[in-house]
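*Asks:* Got a predicted structure plus its sequence, pasted below:
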2 protein chains.
Amino acid sequence: MPPEEFREWGRRFVDWIADYLEGAERYPVLARVAPGEVRRNLPAAAPERGESMDALFRDFESVVMPGVTHWNHPGFFGYFAISGSGPGILGELLAAALNVNAMVWKSAPAATELEAVVLDWLRRFLGLPEGFSGAIHDTASTSTFTALAAAREKGLPEARERGMAAAPRGVVYGTAETHSSIAKSVRALGFGRRGLRSVETGAGRAMDPAALARRIDADLDAGLRPLAVVATIGTTSTAAVDPVARVAEVAAARGLWLHVDAAYAGPAAGLGLLRPHFEGWECADSIVLNPHKWLFTPVDCSVLYVRDPASLRAAFSLVPAYLETGEREVEHLMDQGLALGRRFRALKLWFVLRYFGQEGLRRVLSRHIALARRLAGRIDAEDGWERWRPTRFSLVVLRCARRGTAGPERDRINRRILERVNAGGEAFVSHTELDGELWIRVAIGNLRTRARHVDALWEALQRAAEEV
Amino acid sequence: MPPEEFREWGRRFVDWIADYLEGAERYPVLARVAPGEVRRNLPAAAPERGESMDALFRDFESVVMPGVTHWNHPGFFGYFAISGSGPGILGELLAAALNVNAMVWKSAPAATELEAVVLDWLRRFLGLPEGFSGAIHDTASTSTFTALAAAREKGLPEARERGMAAAPRGVVYGTAETHSSIAKSVRALGFGRRGLRSVETGAGRAMDPAALARRIDADLDAGLRPLAVVATIGTTSTAAVDPVARVAEVAAARGLWLHVDAAYAGPAAGLGLLRPHFEGWECADSIVLNPHKWLFTPVDCSVLYVRDPASLRAAFSLVPAYLETGEREVEHLMDQGLALGRRFRALKLWFVLRYFGQEGLRRVLSRHIALARRLAGRIDAEDGWERWRPTRFSLVVLRCARRGTAGPERDRINRRILERVNAGGEAFVSHTELDGELWIRVAIGNLRTRARHVDALWEALQRAAEEV
């Protein structure tokens, strides 16, 4: 592409993005296309001759945009709300242009070292002690997989040479609230569907450390090999918090690896008031948190901290002749996990941390938490609505519970409320199941979400409840 | 970030990128920083208060840029040369701005469906038959891991519930030339370091199908469970090509999964003249190729094709309540592999395929292959140099072999030639080892590489040989 064409279209796209981000509210949050509609509007084969940027942009607007669900919309309250801030997007643009592949230090010294530096900045922001070092992966699924692979390498040495068929059955511990990605990792690592034990939970759906100890001891007695415990700070369903300090004691006493999943809530460790939820996470062997969730960095950016980087190298390092570089004193990102190639993901995170500053980040996080409390207060003041307690971080879980409704009927009502609100286009909320019953999740985390958006959602929920 | 600030800095960055790409030759290819130098130029903590984009950009230029190895430089001939074309970079910019997370269809219909469409376009370009469907992963390491996980799910059903400890030892087959990422995947999947068998190679370092059959049969006799064969089209060391059609026969006769690693050379299947190298790949169960390598798409973009998408769902699908969406007739990208979250990677590939057109892509690929042949011709015409034969695709492997030099002395000379050329800043070449001896690899694949860059490299190699 000639430089002048790049300049022209780059500027046009930048202007388009500025308008889009400013006016994201004009779009319905959820895409209104039917399954297959985007596909049907595209030809069956790539063009034989190259096309103009004009033609591409036209189709981007007419075919792609109608099929976009707007995670940028301030009324996006589904899953965990996210936002890629302006500096994050610009960082991503520069990274795409530099296009380095940070597999070994020499192939991308700046990407390799900046990753170490910004993750150390983030560690300080989070109040984690020195000694944790990090690497950026694409998603929490990958970060967790990487951590559990290291745990397996350490705790199941019999499997190193001849594989897991030559070793005792390894076991990983979580709860019914543990994120599905942990079950996926446990399967991928070869522990089978029964390789993840669901430990009983107590108050607030938090892991019961005594039950954990009993489970581990029973497995030891049965000749199994307990390997790792996954404790969650901020579960996906209700933002529940496992008692990490007590879980850590149980794990340490039995030599198990402790992995802390703080993918969503992690950034809140930077707020003094919420520090108590993170008590004991400094005892973890590994911690995952996702700046692409609640730290305003574009997807994808998941951070894995480990206390012993040698454990990752033990699991993943393998250097063929064509990747030998001669530098002995440097770390190579390829030794931090499965992927050999690595994008320059640190750049966008560096931009975000500097542009906001620690104080700026704390301000946005606090605002989101205050918005969640505001909504919680509204719910509590209204008859016929129920809130899952406690409300943690910026996630509010609620349902309509009119007098006389219960069980499947209540679920039907809430499902229809959910569908009606989501069809309205001004807000998107998702759901979860607790004790087999449906609850509505309102996750606050978008940079542009203000009180009026939360109030509008609450009105929409009430209106829907009247109508169904 | 206020829209006006985004506009201003977006435009400045676009201009900077246009200048950078046009003038990439002005930089030394390899970064000239010492290990730790980038890190030392950065403060120990994130700023407390937010900083201006001015300050960020200043440090980007003064601290980051000197630490960048320029994969954009037309003299980059190391590893496999790549380039993120203009349309690819612009696609990445839009994807970062939309910031959708394509985990389920509903969360990103356009990203989900465009991924299916562009991968079907690419399938046609490559001449692969209908029936292969694809998904985009970050790297070939991940694509291969995903394929082998599906192979394990299919071939080792005993491991599903109670894990691999309850199953026979699984075995995967490659050669000494198979990429290191396959060994990494085999380990990660729990097969142990001995889980990957190295099958003997014949002429041109290609897998010997008869030896493969013997190995598999011996393992079957020993009670092991042969699961998958990895055949490579374009190995990393020498771009060797395994006889895929014959390997496929051996694998099919014994019920093994066939994975074809065409991460680098895959795009060359779009050239009629090179189709013979790909004979039999249509019999594969899975194929990986990386548009971020030789198809002008920014890192990261690795494509995994499979013939039976249900095999991926069997290995990876697992839907908790909070991800239930109600749409029954749609595919969700989260079921295609380990990662739950997914960037909108299809957008950049769509831009690249349309902007170049199939004919434009073939033209660039042909030019790179012609440049490799040009260099091969020069080497052959010069006394004292040796070329690894045959030269395949766009990779030339060579060494200085002056009369009388051999063994370690010849290695020393070539290592010094390599270091001298790389220190010069106008070119970067990497190396490999063949039969324990050092060879220099010249990988041609950058969009801006022209005859004069290849000629300049050849002169630099000769000059270095005279000087060492």
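*Replies:* Nice, thanks for sending it over. Numbers count the residues shown, from 1 in each chain, chains lettered A, B, ... in the order given.

*Asks:* If you count contacts, what does the strand or helix carrying A:Glu409 end up packed against?
*Replies:* Assigning secondary structure by DSSP states H and E places A:Glu409 in helix A:407-424. With contacts defined as 3 or more Cβ pairs under 8 Å, 6 or more residues apart in numbering or on different chains; DSSP states H and E, helix A:407-424 has these neighbours: strand A:395-400, strand A:428-434, strand A:437-443, helix A:451-467. Yep, even glycine has a C-beta here, placed from its N, CA and C like the rest.

*Asks:* Run through the bridge partners of A:Phe428.
*Replies:* Beta-bridge pairing of A:Phe428, defined through DSSP bridges, involves A:Phe76.

*Asks:* before we move on, what about the one 5 residues further on?
*Replies:* Beta bridges link A:Glu433 to A:Leu438, judged by DSSP bridges.

*Asks:* can I assume it is in contact with B:Leu323?
*Replies:* No: with contact taken as Cβ atoms under 8 Å, A:Glu433 and B:Leu323 are classed as non-touching, separated by 11.2 Å.

*Asks:* More neighbours: which of the two?
*Replies:* The residue with more neighbours, out of A:Glu433 and B:Leu323, is B:Leu323; 19 against 14, by other Cβ atoms under 10 Å in any protein chain shown.

*Asks:* Spatially nearest residue to the more buried one (excluding sequence neighbours)?
*Replies:* Ranked by Cβ to Cβ, 6 or more residues apart in numbering or on different chains and with sequence neighbours excluded, the top spatial neighbour of B:Leu323 is B:Val104, at 6.0 Å.

*Asks:* ok, the closest residue to A:Ala423 other than its chain neighbours - contacts?
*Replies:* Taking Cβ to Cβ, 6+ apart as the measure, A:Ala423 lies nearest to A:Leu30, with 8.0 Å between them; neighbours along the chain are not counted. A:Leu30 makes contact with A:Thr69, A:His70, A:Asn422, A:Ala423, A:Gly425, A:Phe428, B:Lys106 under the criterion Cβ atoms under 8 Å, 6 or more residues apart in numbering or on different chains.

*Asks:* Tell me which two of these sit farthest apart.
*Replies:* A:His70 and A:Ala423 (14.8 Å; Cβ to Cβ).

*Asks:* Neighbour count: these two, which is higher?
*Replies:* A count of neighbours by other Cβ under 10 Å puts A:His70 above the other of A:His70 and A:Ala423, at 24 against 11.

*Asks:* The more buried one contacts A:Gly23, correct?
*Replies:* No: with contacts counted by Cβ under 8 Å, A:His70 stays clear of A:Gly23, the gap being 10.5 Å.

*Asks:* which outside residues touch the helix holding A:Glu409?
*Replies:* Contacts of helix A:407-424 with the rest of the structure, by Cβ under 8 Å, 6+ apart, involve A:29-30, A:399-402, A:405, A:427-429, A:431, A:437-440, A:457, A:460-461, A:464-465, A:467-468.

*Asks:* Residue for residue, what is the longest helix chain A has?
*Replies:* Under DSSP state H, the helix in chain A containing the largest number of residues is helix A:346-380.

*Asks:* Okay, now the sheet partners of the next helix or strand after it, with direction.
*Replies:* Counting by DSSP H and E, the element after helix A:346-380 in chain order, helix or strand, is strand A:385-387. Neighbouring strands of strand A:385-387 in its sheet, by DSSP bridges, are strand A:395-400 (antiparallel).

*Asks:* so how far is the partner strand from its chain's centroid?
*Replies:* Using Cα atoms, centre = their mean, to the nearest Å, the mean C-alpha position of strand A:395-400 is found 20 Å from that of the whole chain.

*Asks:* That one vs helix A:451-467, what angle?
*Replies:* Here the directions of strand A:395-400 and helix A:451-467 differ by 20 degrees (axes from the mean of the first three to the mean of the last three Cα atoms, to 10 degrees).

*Asks:* Strand A:395-400 vs helix A:346-380, what angle?
*Replies:* Using the same axes, to 10 degrees: strand A:395-400 against helix A:346-380 is 30 degrees.

*Asks:* tell me the mean pLDDT for strand A:395-400?
*Replies:* Strand A:395-400 shows an average pLDDT of 98 in the prediction.

*Asks:* what are the C-alpha coordinates of that strand, in CSV please?
*Replies:* Listed next in CSV are the C-alpha coordinates belonging to strand A:395-400 (Å, rounded to 0.1, in the frame of the first residue of the first chain):
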residue,chain,number,x,y,z
LEU,A,395,-21.2,-6.9,39.7
VAL,A,396,-24.8,-6.7,40.7
VAL,A,397,-26.9,-9.9,40.6
LEU,A,398,-30.6,-9.5,40.9
ARG,A,399,-34.0,-10.9,39.9
CYS,A,400,-37.6,-10.0,39.9
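
*Asks:* List the contacts of it.
*Replies:* Contact partners of strand A:395-400, identified using Cβ under 8 Å, 6+ apart, comprise A:80, A:234, A:237-239, A:264, A:372, A:375-376, A:379, A:384-388, A:391, A:410, A:413-414, A:417, A:432, A:434, A:437-444, A:461, A:465.
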